[in-house]
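Q: what follows is a predicted structure for the sequence shown.
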Amino acid sequence: MAPDPPEEDVARPRSREPDGRAHGDRETTVPPLSELLGRVARGDQDAFSDLYDETSSLLFALIKRVVRDVSISEEVLQEVFVEIWKQATRFDSHRGSAHGWMCTIAHRRAVDTVRSSDAARRRDSEEGMRALQEEVVDVQEEGILRIESQRVATAMRGLTSPQSEAIRLAYFGGYSHREVAALLDIPVGTAKTRIRDGMIVLRESLGVTS
């Protein structure tokens, strides 16, 4: 197992001086990337630092094209170099260039980050919509239940038998959707559909609005 990468080297992408040296007056002669990766695989922190200096700006630009957000791109860049440090032993120069290998890692990390972010946004949006819908339905149901029982009883006759049965259990029996489904031996989704469709009919019959 490779040791942890030197923290000071996994940060923002570094710019280089006009004479080709990285900030900090590092040596100008830098071995090929494949050689640096080989040394990194053996735990050479100086080689890792050189590798970072040589490639961080390029990888950051690649990541930013996918992720867009600068701060998130910087976080992804850090994750990429941590992975490079840990996975350097897997690099095989016979199967491709060091540059291509590192770019593949960076691109995959960037795409995974975008997908994860999109999935989180979809979950938040779906949960928000469900909460809003439930809130609206609650208001409508309260309006129906406040109406005199005779009118409700009359309106219930306009429901199908499955709708009436599900609504009686849910709103007059006090059972949850899951409990209604268990009592009627039907899927929870079917129970919710019967209750929802029945409530639509009742709202129309009773003239209840949200």
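A: Looks like it arrived, so ask away.
Q: what about the helices in this structure?
A: With DSSP state H, the ranges of helices along the chain come out as 33-41, 45-67, 70-87, 98-146, 149-156, 161-167, 177-184, 188-206.
Q: mind putting those into a markdown table with mean neighbour count and mean pLDDT?
A: In this view, the C-beta of every residue, glycine as well, is placed from N, C-alpha and C. A markdown table is the format used below for the helices of the chain (neighbours: other Cβ atoms under 10 Å; pLDDT from 0 to 100):
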| stretch | mean neighbour count | mean pLDDT |
| --- | --- | --- |
| helix 33-41 | 20 | 92 |
| helix 45-67 | 20 | 90 |
| helix 70-87 | 18 | 92 |
| helix 98-146 | 14 | 65 |
| helix 149-156 | 13 | 71 |
| helix 161-167 | 19 | 85 |
| helix 177-184 | 16 | 84 |
| helix 188-206 | 17 | 85 |
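Q: what's the local residue count around residue 187?
A: By other Cβ atoms under 10 Å, the residues close to residue 187 number 10.
Q: ok, the nearest residue to it once chain neighbours are set aside - contacts?
A: Excluding the flanking residues, the one nearest residue 187 by Cβ to Cβ, 6 or more residues apart in numbering is residue 181, at 6.2 Å. Residue 181 makes contact with 187-188, 190-191, according to Cβ atoms under 8 Å, 6 or more residues apart in numbering.
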